[in-house]
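Undergrad: Just to be clear, the model below is a prediction. Sequence and coordinates:
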Amino acid sequence: MLFGFNLSVILTPIVQSMGPFWLIFGIFLPPLIMSGVFFIVYLFRNRSSAPNTSDGNSRPRHTKYNYLLTLFTIFGSAISVLISLLLIYDLSLSQKPVTWQFLFFNFTVDSLSAYFLAVVNLVALFAAFFTNRINELGGDEPPMSSFHALFNGFHATMLLLQMLDNLLMVWVMIVLTTIISAPLIGYTKAYNLKNVVAANTEEGGADDDEVSDVSSTEDELEGEIRRDEDVPASVANSQDRAVRPLLEIITYFERRAREASWKYIVLSSVGIVFSLFGTILFVGALSPATPFSLSWSNLATGLATAQCTVNAAAPYCVTSTNLMQLAFLLIVLGYGTKAGLFPMHSWLPDGHGEAPSSVSAMLSGVLLKSAVYVIVRFTILVNLGLKQNQSAPSQFTSITLIIFGLVSLVAAVPFILNTNETNHFKRVLAFHSLQHMGIIVFAFGLGTPLAILGALLHVLNHGFTKALMFLGVGRIYQASSSPSQALKVNQIQGVFKSIPVVGGIVAIGGVALVGAPPFSLFLSELLILVAALQRARNGPFEIVIAIIYGGSLAIIFAGLMVHMSRFLLGRPVNSAEPADVSTPNTIPPSATGSPVMAVSSNSLPPNTPETAVSSINSSPNSEPKKRMWHWAIPLFGLLFLIIYSTLFTFPYSEVLNQSVHIICQEGICQ
């Protein structure tokens with residue numbers, strides 16, 4: 001029932017006519033097909049259309065081309081959302097997993113998988129609305145066929161990760177998410193390199209040969225991480241004293257994005273190696289008589305039904321408890337790197353802070369949750385294995401997850417409380433992801449049905465709320481777009497006055513993100529707190545963890561509200577008194593061309609002339625404020641889902657109950 005209307009009359013015949021093939025393949029094929037098509041377009045498109053030429057309008061010729069790519073991305077994501085919701089309805093009726101085999105690949109989707117699939121698809125759908133604008137420097141956008149190919153491929157790999165019934169293939173999907181998402185994090189933000197030179201050429205500041213030199217670097221600037229040169233040859237050879245500093249500023253910012261992407265690749269690679277070793281040790285801890293099967297569904301059934309008390313060498317019996325425990329530690333450490341857990345979390349602030357806002361929403365909203373999904377699957381298997389010769393559930397996985405979760409939660413506190421000007425708002429949101437991943441893992445570690453329910457709700461609520469925040473903040477950055485903005489984004493303030501609609505949405509999202517009532521994150525955090533207090537009756541250790549959990553939430557609440565107040569309620573820079581132009585390190589606000597920020601030359605590369613800062617700040621805003629309401633519509637949609645999930649659990653109610661049962665099967669819950 002939805003608002004008094006019986007949907008089963010319509011949905012039941014649709015689901016029955018589709019069958020398992022379309023319920024499974026219809027989810028991941030749309031983004032996968034879109035990715036392939038966009039990649040082909042990228043390979044064969046006419047590159048002569050890429051320069052910033054105009055068709056007579058104020059927008060470049062490829063702007064309509066980018067909008068078309070975005071529409072196709074939205075269409076593919078919408079199909080995946082629709083079919084994933086139909087899959088949830090089918091599972092709520094049959095209460096049996098949907099399975100399908102294709103070649104050597106086994107697909108199994110149970111209620112737990114379907115729940116995470118729905119979260120991934122919904123966040124990807126809203127992020128898709130923002131894929132036509134990724135340049136937070138200002139200026140024009142590049143032709144983005146390569147970006148959309150990577151974005152849809154990233155979406156598809158996360159869907160396959162939760163559908164493939166094979167531990168090794170899940171590991172392969174984690175590897176692919178790293179390979180595909182790394183270029184997205186470092187996607188070029190310096191496409192307007194040529195535009196800056198061309199603009200100065202028109203003014204007589206540079207000759208045509210220099211523009212041609214810059215044009216030759218276009219392939220390097222689109223969709224990939226640039227080579228290690230700090231300054232392009234066209235900059236080094238430039239005779240124009242006005243052009244060269246501008247290009248140095250842009251190159252400096254692009255180098256920052258490259259470093260963030262490189263850090264992400266290095267740390268993720270280390271985590272991938274740990275997770276592979278953990279998977280190998282997990283299989284090695286089982287009896288040699290165990291059939292060679294990496295299917296998590298077969299392993300769960302075999303571990304639960306193994307007759308190990310009669311014959312310790314029987315199939316699926318654990319022959320080495322210590323080896324199984326070591327395997328679980330490596331698995332949590334390895335996949336915890338992708339989940340952003342301490343101590344492998346240091347890629348989060350750079351990766352989220354430098355990536356385009358649509359990519360940041362996907363990274364924080366669903367990539368971290370996909371890694372947690374893998375950890376939960378292994379937790380079920382390890383719990384079943386360790387319980388075989390015990391009358392009560394093992395405490396090992398519970399203690400391990402509680403420690404990783406609490407340490408991550410506590411580690412986020414000093415970073416969120418840091419009000420240093422280098423800790424700009426997107427970095428604060430990244431550290432806030434560290435906190436929430438700690439909450440989710442901590443809740444799974446508590447192991448009670450109530451805590452697991454709270455963790456599952458938190459996965460959904462945090463995914464929606466963090467996507468809303470990153471997408472909204474990204475639009476605010478673009479509304480005050482100029483290359484200097486990216487170099488001094490901490491000076492964006494007074495958003496309520498300058499961009500009231502989007503600023504209001506971000507304000508509501510920020511209140512929801514800190515877990516304030518009556519929003520959905522408050523409900524899930526409260527359920528987890530109640531579960532922690534219930535366990536506090538068991539001993540002093542449980543009392544300590546409940547106090548740490550509650551205290552950390554309160555401190556982080558205060559810290560994030562400080563950042564929110566400065567970002568939203570501060571006075572816009574241009575409303576302040578004019579800056580003293582005699583001060584050498586300050587650029588007057590009137591020189592920025594942006595109503596919400598000014599820039600200090602202290603944040604620029606060394607030896608950058610003040611004239612370069614003033615010139616590049618004076619570039620016009622690429623998106624007038626009057627168009628911002630278009631971008632508020634999908635943000636309002638996300639806000640509606642956040643409020644709706646506070647009041648209702650439809651259509652997730654039955655799937656949530658089944659998911660808790662899957663995790664707690666065979667009495668392995670605490």
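TA: Noted; the coordinates are in hand.

Undergrad: show me the residues around the residue nearest the centre of the chain that make contact.
TA: The chain has Leu363 as the residue nearest its centroid, 1.6 Å off, counting by C-alpha atoms, centre = their mean. Leu363 sits next to Ser181, Ile185, Gly351, His352, Ala355 when contact means C-beta atoms under 8 Å, 6 or more residues apart in numbering. C-beta coordinates here come from the backbone N, C-alpha and C atoms, glycine included.

Undergrad: Report the separation between the third one and Arg133.
TA: Applying C-beta to C-beta, to the nearest Å, the value for Gly351 to Arg133 is 20 Å.

Undergrad: who has more neighbours, these two?
TA: Gly351 (29 against 23; other C-beta atoms under 10 Å).

Undergrad: residues in contact with that one?
TA: Gly351 makes contact with Ile185, Ala260, Ser261, Lys263, Tyr264, Leu363, Ala430, according to C-beta under 8 Å, 6+ apart.

Undergrad: Quickly name whichever of these is closest to Glu542.
TA: Set against Glu542, the nearest of these by C-beta to C-beta is Ala430 (30.5 Å).

Undergrad: thinking again about what came up before, distance-wise, check the residue nearest to the centre of the chain relative to Thr319.
TA: For Leu363, the distance to Thr319 equals 39 Å [C-beta to C-beta].

Undergrad: Please apply the same query to Ser520.
TA: 44 Å.

Undergrad: what about the two, which has more around it?
TA: More neighbours surround Ser520 than the other of Ser520 and Thr319, with 24 against 16 (other C-beta under 10 Å).

Undergrad: Helices of the stretch 451-600 of the chain, residue ranges please.
TA: In the stretch 451-600 of the chain, the segments counted as helices under DSSP state H, counting those that start in this stretch are 483-487, 495-498, 500-513, 520-535, 540-569.

Undergrad: Out of those helices, flag the one nearest Phe39.
TA: Set against Phe39 and scored by C-beta to C-beta, the helices of the stretch 451-600 of the chain come closest in helix 483-487, at 28.2 Å.

Undergrad: State the mean pLDDT of that closest one.
TA: The predicted model gives helix 483-487 an average pLDDT of 45.

Undergrad: want to throw the contacts of Leu363 into a markdown table with secondary structure, distance to Thr649 and pLDDT?
TA: Listed next are those as a markdown table, based on DSSP: H, G, I helix; E, B strand; the rest coil; distance: C-beta to C-beta, whole Å; pLDDT from 0 to 100:
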| residue | secondary structure | distance to Thr649 | pLDDT |
| --- | --- | --- | --- |
| Ser181 | helix | 30 | 91 |
| Ile185 | helix | 34 | 85 |
| Gly351 | helix | 32 | 85 |
| His352 | helix | 29 | 83 |
| Ala355 | coil | 31 | 85 |
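
Undergrad: and of those, the nearest to Ile174?
TA: Within those, proximity to Ile174 (C-beta to C-beta) peaks at Ser181, which comes in at 10.8 Å.

Undergrad: which stretch of helix or strand covers the spatially closest residue to that closest one that is not a sequence neighbour?
TA: Leaving aside its sequence neighbours, Ser181 sits nearest to Phe154 (C-beta to C-beta, 6 or more residues apart in numbering; 5.2 Å). Following DSSP states H and E, one finds Phe154 within helix 145-161.

Undergrad: quick one: the residue nearest to the centre of the chain and Gln493, what's the gap?
TA: For Leu363, the distance to Gln493 equals 25 Å [C-beta to C-beta].

Undergrad: Distance check, Pro651 against Phe75.
TA: Plainly put, Pro651 is 22 Å away from Phe75 if you go by C-beta to C-beta.

Undergrad: Which one's more surrounded, those two?
TA: Using other C-beta under 10 Å as the criterion, Pro651 and Phe75 rank with Pro651 on top: 16 against 12.

Undergrad: so that one makes contact with Asp90?
TA: No - using C-beta atoms under 8 Å, Pro651 is not in contact with Asp90, being 11.2 Å away.

Undergrad: quick revisit: looking at the helix holding Phe154 now, give me its mean pLDDT.
TA: 93.

Undergrad: again, but for stretch 386-403
TA: Stretch 386-403 comes out with an average pLDDT of 82.

Undergrad: Tabulate the CA atom coordinates of it in CSV.
TA: In CSV, the C-alpha atoms belonging to stretch 386-403 read as follows (Å, rounded to 0.1, in the frame of the first residue of the first chain):
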residue,chain,number,x,y,z
LEU,A,386,33.7,-20.1,14.1
LYS,A,387,30.4,-21.2,15.6
GLN,A,388,30.8,-24.8,14.4
ASN,A,389,32.4,-26.2,17.5
GLN,A,390,30.9,-23.7,20.0
SER,A,391,27.6,-23.5,21.7
ALA,A,392,27.5,-19.7,21.5
PRO,A,393,28.4,-17.3,18.7
SER,A,394,32.0,-16.2,18.5
GLN,A,395,32.9,-12.8,19.8
PHE,A,396,35.9,-12.4,17.5
THR,A,397,34.1,-10.7,14.5
SER,A,398,32.0,-8.6,16.9
ILE,A,399,35.0,-7.2,18.7
THR,A,400,37.0,-6.7,15.5
LEU,A,401,34.2,-4.6,13.9
ILE,A,402,33.5,-2.7,17.1
ILE,A,403,37.2,-1.7,17.3
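
Undergrad: which stretch of helix or strand covers Trp100?
TA: strand 98-102.

Undergrad: Show me what that strand is packed against.
TA: In this structure, strand 98-102 packs against helix 8-44, helix 62-94, strand 105-109, with contacts taken as 3 or more C-beta pairs under 8 Å, 6 or more residues apart in numbering; DSSP states H and E.
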